[in-house]
Every structure is written in C-alpha cells, then in structure tokens.
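K.L.:
Quick one, structure for this:
(chains A and B)
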Amino acid sequence: MGMSEATAPTAIAARRRPQAISLDRLCLLLLAAVAILILYPIGTMVVHAFITDAGEAGGLRELLYSDLPQVLLDTTLVVTLSGTIALAVGAGLAWLNERTDARVGWVGDVLPLVPLLVPQIAAVAGWVMLLAPQAGLLNGLLRDLFLQFGMPMRRGPINVYSFGGLVAVMALYLVPYVYLTIGAALQSLDPSLEEASRMSRAGAFTTLRRVTLPAIQPALAASVLILIMLGFAIFSVPAVIGTGAHIDLLSVRIYRLVASYPARMDLAILLGIFLTVIVQAALLLQVRIAGSRRAATIGGRGLRAGVTRLGRWRWVARVALVAYVLASAVLPLLALALVSLQPFWTPRIAWDRVGLQNYVAVLVDNAITRSALGNSILLGLVGATIGMLIAAMLALAAQRRGGLFGRMAEGITALPAGVPHVVLAVGFILCFSGSGINLSGTLTVLLMIYLVMNMPQAMRAATAAVGQVGRELVEASQIFRATPARTFRRILLPLMLPSLAAGWVILFVQMSGELTASALLAGASNPVVGQVILDLWQNGSFPQIAALALTITVINAAIVLVALRAARGRRR
Amino acid sequence: MILTGESRPVQAASADARQPRILVRNLTKRFRSHRSTVLALDNVSLEIGQGEKLVLLGPSGCGKTTLLRCVAGLEMPDEGEIEIDGRLVFSSRRGIAVRPDQRGTSMVFQSYALWPHMTVFDNVAYPLTNMRVPVAQQRERVTAVLQSVGCAAFAQRYPGQLSGGQQQRIALARAVVAREGTILFDEPLSNVDAKVREQLRVELVALQKRLGFTALYVTHDQTEASAFAHRIAVMDMGRIAQFGTPRDIYARPASRHVAEFTGANNELEGVVTGLHDGLLRIDTPVGPLLALHDGQAGPGSEVSLLFRPENLRFASGEGSNRFPVTIESTMFLGLYTEYGALAGAQRLLLRTTHAEEVADGSDAWASIQPEHLGVFPRRA
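P.N.:
Modelled structure (predicted):
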C-alpha cells in the first residue's frame, strides 16, 4: 500500500494517535475504577472515624470502659505466642529442607501450598473435630489409649477450645508463610559462603549461627512483620476456636460489633482503624525490608546448596517435616472425611452407619448449602478471571508507560494488603448498604470486595508475569516481521500465561473459600460457603459442615493441582 | 514503534551495487528522564553499501547500540532520516516511522532473544511464518539453514536445553533464514566464552561471505571489530569519532579517545619545542622525542604522546628517539611477552614477540618510531 508523499505525514499522525490514546485511555479508566473501589470504602471509614464521629468522644470512652483492654491483651498475647512458634517452626523446617540431608523433596513442594490446598475454614473445622474436648476424634483415641493404662477419662485430655488451642492452631497455619520467606532466602543465599565458613574450621552449628542466620536476617525480619500482619488480621481461627474458648480477638470483636443488633458501626470503625494502623505499619516496614534486601541479595541462583549432615538426627528431622504436613493438611482433612460420613459427630466411628447422607443433604437437599457452593464457585471463577485480567492490563500498562501511572498503579493496588478483611467489610457496609447505593447481600458487592481484597496478590502475579518476558524477546518478534497483535498472541501471552495462571489459582482459592467479608456482607438470599459454614457452626450440624468443607477443599485442590500441572507442562 | 505505513516504493533488492543499502542522515536522539537529558546520538550520518560489513565500535554509553536500534525501528530518533534499500523508513521532518516488522531487516541480539516456549525449529521458522511462506517451503528452508550452522540435530529441542554457543548459532540461523538483505548485530558474541567466541567469529565471517548480506555490527571489542569489519565507525559521546578501515584506525587514530580505546595505553606528556623536516620535536620527562607533525601542534603546545606497547621496542644503545628504562616486571603471555618498564617516574608497557633475556630490575634502552607516536592536545 503505497502512499503519496504529500499525505504521508498527516495520514501517519492520524493513524497513530487514535490507537495509542484509546488503549491508554482504557488503562487510565481501569486504574480510576480500581482506585475508586479501593479508596472510597477506606476513605469513607477514615472520614467517619475522624470527622463525623469526632464530636462525641463517647465512643472511645465507651470502648475503654468495656472489656476492650482485655481483648487487646488477648490479641497481643495470641499473636505474639503463635507468631513466635510459627517463626521457630517455619524457619527450622526451611533450614532442614534447604540445607540439610534430612531434605524431603515433596515436602518442599507441598508445604508452601498448604494454605492454597486447604481452605482455612476447613482446616480449622478439621482441628475442632479432632480435638474438641468430648467428641474430638483424636481425644477419643487418646482416651482409649489412657484406658489401657488404667486411666479412664470422660473428656479431654486435650481441649482445642482454650487459649493454648487457639495459639497452636493459629501457629500451625502461619508456618507456611514463614517457610516460604525463609526458604526463598536460603535458596538465593550462595552456599559457598557457608562452605567458606566450614573451610575456616567452623562446625555446622557455628556456621548456622555466625553465617547463615545473619545472612538471612532480612528475611527473618520480613517474616516477623508478615506474622504480625496476618496474626492481627486473621479471622477464621479466632472466630471458630476463640468463640468456643470465650476469647475474643480484635478482628472477631469488630465483626460482632457490626453483626450484633443494634449494630455499633461507630465502635467498629474506631477499632477497625486501630487494627488497620497496626497491620499497615507492619506492611510498610516489610515492603521496605524487602526492597533493601533485593539490593543485598547474594550470589547466583541455581547453585546446589552444600548439605549439612545431621547424622542420627536426620530421621528425627525427617519425621518433623512429615509431621507438619500431616498436622496441617492430612489430619484435619481425615477428620472432616470421617465426621462427614457419619450421621452424628462422635469420637467412636460407627462403621456400620457410614454413608453419604451428609453429602446428599449438603449437595442436593439443602437449598442453602447448594446455592452457597454454586455461588462460591461462580464468584471464584468470575472474580479470579476479572481480577487477573485487570491486573494484567494494569501491569502491562505500568511497564510500558512507567512514570506516574506506573507508581500510581503499583501504590493503589497494594493498598488493600494492609487493610484487614473485616475492616474492609465494615467500609463496604458503610459505602454500599446505606440509603444511596444499596447492594447489601448481593453477589455484586461480594464480587467487588473480593476483587479489592485480592488486588495486591493479582497485581503481584501480573507484575511477575510481565517482568518474566524480557524486552528483547518482544523486540525480536517485532524485528522478525510480527505485527503487534501477533507479537502479543504468540510471544507475550504464552510467556506470561504460567504466572497469570498461578495468580488466577490463588485468587480462585481465596475467593471461593472467603469467610471474613462474606460473613458480614453475604445475605440470606445469596449465601456463600464461608458464611454458611459459620452459620451452621452456630446451629451445630457438624457432619454437614464437614461435608461442605471437604467438598470445597476437594474442588480447590483439584483446580490448584490441574493449574500447576498445566503451568509446569508448558515450561520447556 | 507504533507507527505504520510504507513510504515510496522504490526499487527492490535488485538496486545496483553502488547504491547504499542503509543511509543514516543527521540522526539525533535524546533520552529524557525527569532530571536530565542525555544526548545519545548527536547528528550522526552514515552510509553502508551493499554487502558491506560495518562495525560500530565504542565503549558502553557511546551511542552505538542506540544507533543500531534506531535503524531497526526499536528506538524512535528525535531528528533525522533513515533509508533502507532506498526506502525511507524514518523521517522526523516528514512524519514517517515504519514499524520494525515492516523494515525488512533481521537482527541478532546480545541475549540471543530466543523464545523459550518454542522449539528451535519454531524459533527459526517464525520470520517465515510471519511472511506467510508456505509450510513445506518453511520446513525446507529452516532445515537447510539449521544445517548450515551445524544445529540440525537440535531442531526439536527448546532453547533452554542448549549451550550459549548453540543458542547464538540458532539466533544467527533465525536472522539469515528470511534472506533479508540487511542483518543487524547487537554485541552478538559478548555472552559466550572466549573459545566459542573465536569459533563463532570465524563462522560468521564465512557465513557473510557465502550469503553476502549487509551487516551493521555493534561491539565494544576492538579485536572483534577488526576481525569482522570492512569499515569501522568508532563512536564517542553520540558522535562518530573516526570512520575508516580497521588498518587506518589502528595506524592513525584520529583522536585521543580513539587512540586510547583501540589500545594505545602508553602515555607521555610533553611540550613542543620545534619543528624539523615535518617532525615535531617534543620535550618529555624521558628526554626529547621526534613525532610526525599532526598539522595542529606548534612550538609551545602542551601535548600528550600516546603509543602502543607493541610499538615500543628494545634498543641496543643510545640514539634518536631512544631513552633508558628499568625493567620492573616480565609477563610471558604465549604469543608475546609483556614488560613493565619504568622510564623516570613514568610506567610504560613494552610488548614484543621476541622474548629478550632481560632480568627484572636491569636497565635497558627503549625506542619508539616517530610515526608511532600519536600527538594529541593535553587533557584539560
């Protein structure tokens, strides 16, 4: 298509502009929409706390005279204790699996995936079914064992509904986050540093203390902050176990203030802001450490780590590694399976009465659980897809345009990470169930809050996906005669797909098993799984809870495994 | 790079040999960040003939890669014009900027830029697929070109399974498979180890001779440039500092920068005291030296003398352009031996293929021919 010389410049200018601007405009619009969805609820809440209700300091006084100090003390104690345990166990497991001959290959693959494979609410339910003082399956076994030694018991010996139980179960589900951070640091730590220490006549323990630990200090600090963030924000464990033990943690207290009648939104907002400040501060510090750590990363990747020989301790270490996977994933799921197959939850399994009646009830007879499952899966599929699509477009635009747009996209999408889910839900109630826009109880508002809650993760995955495609790979495609559309289809998309798929899986799992915001925002006409499990808990139909929790777990696990498999198959 | 459109459809590849294949006129490119502006290309003009191998040589940041990327269409210049095969592909004045996929050039990237999700075969076939070459013909051409780079056995492997040298051969195959007349090379050998680099260099020269493509080649390695180039453009701070054959540039560097960059790393400072028979007489810390008149320096000028270690020789005794040195160190480097020599307070390098029996710490005489001394204005 030749072009006459006179018309060339204008024609090209005209052809260039519309395309470039419309794409840019779309991305700007998208960023604006995301910004509104994120900033509006958070902003409204801050305004309410400091302006609308500032006149009456009564709220604050009322809080102080209530049992709030007790709640704060309990929360701090539980977070500190469970965090300390999780740090020790997580770091220990990471070191065992990355640096010693106790390494168990599959544990390294499975452990970080536990939070994805087992929805938290299912895991918590599982542990209650194992260790409830009377009906707990494990307690039943222990009582039988004690009976052999002539010590009959009517309940116990372990009570999960206790301070200790709360701390232990929370620690159990915080471990993978520590493992992931420390494990990654150990992987990128040049093993020759440790070898040099060994060559300088230091023993294994001295090397660990004087070389390895100081080198991964930033990762340890980051882990502590992640633990603070998660520990204060976590809802499912205290909602189930804390309630049973009559210990209210901050996140659950906020939920109660909103869910009780009459709702005390003003108090919920004040506490919510307080909780957000703690979590956001931990997040900001953590980001700073992570940022400075990148500069200090040592050595090349792909180096085979030198192995510390543990001698006879090797088997003890291996048992510990396997025991963690058993405790975090296998045992609770086994408990769920056993309870779900029986008509009643008893520590003694009546093998002759085992059947699928609870699954029939949950999946067929009970309209609420049936529609909850359908809604959760639908929200998971739609939400994960929309979320990754938005994130991918923003990440691509941010990389291409950089500058202010890039920084805005990065900053705004990262914001929800520092806002506990229960607080975000309070903000959404303020904004979307008032007199103006009333979306309360609809799937739309759930989709919106799920998108906001998971935007940081979606963006992280999308940024990683974009970053994975080297600039020269795209340029080479342009040089070798591929049109921009073709470059996108044949080079960019296939290379980004594994990371995008990984992000999609995380989003799906988070959304389909979401509990916190759903408990406050889902209505009776549009139930979702997390909220229904919490409701059933209050009505005491445990075998049905078990059936529902196991069903959603199996669906999640299947999707995670299929997606991971597909992503791995694509790799060269 | 978003631009499209084709300019006047002038004669195709059958143009006569005197017509330059690539023509760069008054190209200027600035990189702006929010603080500062860097002038990456400063009014650069260049001509590359049919079948010519032109090398852009210079240190990092001199603008050589930017120039290459502007020709490829990956970078948008601020001012100037670029013509490829008589077709105007960029003109700031007339608002023309042809997209890279429509410029009809190929490129070999520094990082190989092989797509990890495609097999070697698919990588090489990619340009042909985009040109809508029939599948049967694609198969034939890809197989042939893979054979010619000795990689036919890897056709069904993925790039991640190959060594660096093999990957760069595949990248080369991909660049020649489309039979474009012009191939751009962006430091293609800098990522492979020394032994493979030498092999690839020889293969590259042979391949160019066989296929006759026009090559624009960017490197910071002077040996590589000399080995490959018909002509070299030495670049410095966004300009072409010297343009000539490898021999020219080696023998008569036009500026201090070119001299230093091409390996003249001995330096003596001096003052011109007179002019005799077209030779400058210069007083230096090691005594008076004669140098060829460069046409600029006159009596009283403060100058730097730059010369190569291989042009400094051992001499049998006193004489014109000779001075005493003390040998500090001896390094046997196989092909030649390098001596560290102290002339007064000045440390000089002397390189010779005839190993002399000179013990460290002993005194000797060194000589340098007037034509080997580069005379440049002293650095401010």
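K.L.:
quick one, phi psi at B:T284?
P.N.:
As for B:T284, its main-chain torsions (degrees, to the nearest 10) stand at phi -130, psi 170.
K.L.:
Now do it, the pLDDT please.
P.N.:
Reading off the confidence values, B:T284 has pLDDT 89.
K.L.:
quick one: average confidence on the lengthiest helix in chain B?
P.N.:
The longest helix of chain B (DSSP state H) is helix B:194-211. Along helix B:194-211, the predicted local confidence has a mean pLDDT of 89.
K.L.:
buried stuff in the helix or strand harbouring B:G274?
P.N.:
Under DSSP states H and E, the secondary-structure element containing B:G274 is strand B:266-276. Along strand B:266-276, the positions that meet the burial threshold by neighbour count (16 or more other C-beta atoms under 10 Å in any protein chain shown) are B:266-268, B:270, B:272. Every C-beta, even on glycine, is put in place using the N, C-alpha and C of the backbone.
K.L.:
before we move on, what about stretch A:179-198?
P.N.:
A:179-191, A:194, A:197.
K.L.:
Widest-spaced pair of these?
P.N.:
A:L180 and A:S197 (25.4 Å; C-beta to C-beta).
K.L.:
Run a quick check on B:I170 versus B:Y112, I expect a contact.
P.N.:
Yes - with contact defined as C-beta atoms under 8 Å, B:I170 reaches B:Y112; the gap is 7.5 Å.
K.L.:
Identify the contacts common to those two.
P.N.:
With contacts defined as C-beta atoms under 8 Å, 6 or more residues apart in numbering or on different chains, the residues adjacent to both B:I170 and B:Y112 are B:P159.
K.L.:
how far away is the residue most central in space within chain B from chain A?
P.N.:
Computing the C-alpha centroid of chain B and ranking residues by C-alpha atoms, centre = their mean puts B:L57 first, at 2.8 Å. With the distance defined as C-beta to the nearest C-beta, to the nearest Å, B:L57 ends up 21 Å from chain A.
K.L.:
who touches that residue in this structure?
P.N.:
For B:L57, the set of contacting residues under the criterion of C-beta under 8 Å, 6+ apart consists of B:64, B:219-220, B:222, B:225, B:232-235, B:261.
K.L.:
And the pLDDT at the closest residue to it other than its chain neighbours?
P.N.:
Spatial nearest neighbour of B:L57, chain neighbours left out: B:A225 (4.4 Å); criterion: C-beta to C-beta, 6 or more residues apart in numbering or on different chains. B:A225 carries a pLDDT value of 90.
K.L.:
B:A225: which element?
P.N.:
Secondary structure (DSSP H and E) places B:A225 in helix B:222-228.
K.L.:
Which neighbouring elements make contact with that helix?
P.N.:
Helix B:222-228 sits against strand B:53-57, helix B:194-211, strand B:214-219, helix B:246-251, with contacts defined as 3 or more C-beta pairs under 8 Å, 6 or more residues apart in numbering or on different chains; DSSP states H and E.
K.L.:
buried set for it?
P.N.:
B:222, B:224-228.
K.L.:
before we move on, what about stretch B:237-253?
P.N.:
In stretch B:237-253, residues buried by neighbour count (16+ other C-beta under 10 Å) are B:237-244, B:246, B:249-250, B:253.
K.L.:
Any chance of these in JSON lines with pLDDT and secondary structure as columns?
P.N.:
Listed next are those as JSON lines, based on pLDDT from 0 to 100; DSSP: H, G, I helix; E, B strand; the rest coil:
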{"residue": "B:M237", "pLDDT": "90", "secondary structure": "coil"}
{"residue": "B:G238", "pLDDT": "90", "secondary structure": "coil"}
{"residue": "B:R239", "pLDDT": "91", "secondary structure": "strand"}
{"residue": "B:I240", "pLDDT": "92", "secondary structure": "strand"}
{"residue": "B:A241", "pLDDT": "90", "secondary structure": "strand"}
{"residue": "B:Q242", "pLDDT": "91", "secondary structure": "strand"}
{"residue": "B:F243", "pLDDT": "92", "secondary structure": "strand"}
{"residue": "B:G244", "pLDDT": "92", "secondary structure": "strand"}
{"residue": "B:P246", "pLDDT": "91", "secondary structure": "helix"}
{"residue": "B:I249", "pLDDT": "89", "secondary structure": "helix"}
{"residue": "B:Y250", "pLDDT": "88", "secondary structure": "helix"}
{"residue": "B:P253", "pLDDT": "88", "secondary structure": "coil"}
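K.L.:
And the furthest pair within the residues you listed?
P.N.:
By the measure C-beta to C-beta, B:G238 and B:Y250 form the most distant pair in the buried residues of stretch B:237-253, at 23.5 Å.
K.L.:
about what we covered before: which residues does the residue nearest to the centre of chain B bridge with?
P.N.:
Going by DSSP bridges, B:L57 is paired in beta bridges with B:T219, B:V234.
K.L.:
ok, how many other residues are close to A:L73?
P.N.:
A total of 11 residues lie near A:L73 under the criterion other C-beta atoms under 10 Å in any protein chain shown.
K.L.:
Sorry, slip of the keys, the one I care about is A:R155.
P.N.:
Around A:R155 sit 13 other residues, with neighbours defined as other C-beta under 10 Å.
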